[in-house]
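Chemist: fold the following and give me the result.
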Amino acid sequence: LNADKSNYVDIVGGGQLRMKYTEADGLGLYGRYTIGQGEMKYSLPVIPLKTFTIKDGSYVEFFGDAMNPRLNITATEENTNDAGVGRSVTFECGVELTKTLNDMGLQFTIDAPDDQEIHNELMTQSLENRGKLAVTMLTTGMYLADGNTSAFSMNSALSSFLQTEINNITGNALRTLDLSFG
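Modeler: Model prediction:
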């Protein structure tokens, strides 16, 4: 995904793809490639280089333009944290890539599938709020929900900077991503 190859997607899967070439239309690719396993290593502003595991069943679907497929990819990493509840909670944080490659939709996700209390707490949050919690966890490694910031202290300038970057990342800044494929 970049020139020095530190950001990449490595997938194994299968599907039926059909390639068609005509002088009038050029190259066309049709079909779905379903991902069985894989990983994505990616860094964003403030978020360090992370290795995400791509969920089984994610796919890339082609409707003619080989360089603009439709994406349905979910990639997560596990993070264990006490979440301010006095016990270890395993979170799944990550990203969902949707829409087409040229008009990519990107959403940050967080869940605690093995802890019903935290899972329910997360499900009552708005998508935007869950996105901010996910970016915060990916950035700091901590679950910093409202009222759960006592274990995390930093000076106000750093706190303000981090909050601004989290808002930028979860807001309009990711409407266009600079991706290139060799």
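Chemist: pLDDT weak spots in the protein?
Modeler: Per-residue confidence for the chain (pLDDT under 70) gives these ranges: 45-46, 84, 146-182.
Chemist: so which residue is dead centre in it?
Modeler: Geometric centre of the chain, nearest residue: Val95, 1.5 Å, by Cα atoms, centre = their mean.
Chemist: which strand or helix spans that one?
Modeler: Per DSSP states H and E, Val95 falls inside strand 89-99.
Chemist: next secondary structure after that strand?
Modeler: Taking DSSP H and E, what comes next after strand 89-99 is strand 104-111.
Chemist: where does that next one sit relative to the chain's centre, distance-wise?
Modeler: With Cα atoms, centre = their mean, to the nearest Å as the basis, strand 104-111 stands 5 Å off its chain's centre.
Chemist: for the following helix or strand past that strand, packing partners?
Modeler: Next along the chain after strand 104-111, taking DSSP H and E as the criterion, comes helix 116-123. In terms of contacts (3 or more Cβ pairs under 8 Å, 6 or more residues apart in numbering; DSSP states H and E), helix 116-123 is packed against strand 104-111. Yep, even glycine has a C-beta here, placed from its N, CA and C like the rest.
Chemist: please save the CA atoms from the strand it packs on in PDB.
Modeler: Presented in PDB, the C-alpha positions along strand 104-111 are these (Å, rounded to 0.1, in the frame of the first residue of the first chain):
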ATOM      1  CA  MET A 104     -13.700   4.100   0.300                       C
ATOM      2  CA  GLY A 105     -15.800   4.000   3.400                       C
ATOM      3  CA  LEU A 106     -13.700   3.500   6.600                       C
ATOM      4  CA  GLN A 107     -15.200   3.000  10.000                       C
ATOM      5  CA  PHE A 108     -13.400   2.200  13.200                       C
ATOM      6  CA  THR A 109     -14.900  -0.500  15.300                       C
ATOM      7  CA  ILE A 110     -14.600  -1.700  18.900                       C
ATOM      8  CA  ASP A 111     -16.400  -4.600  20.800                       C
END
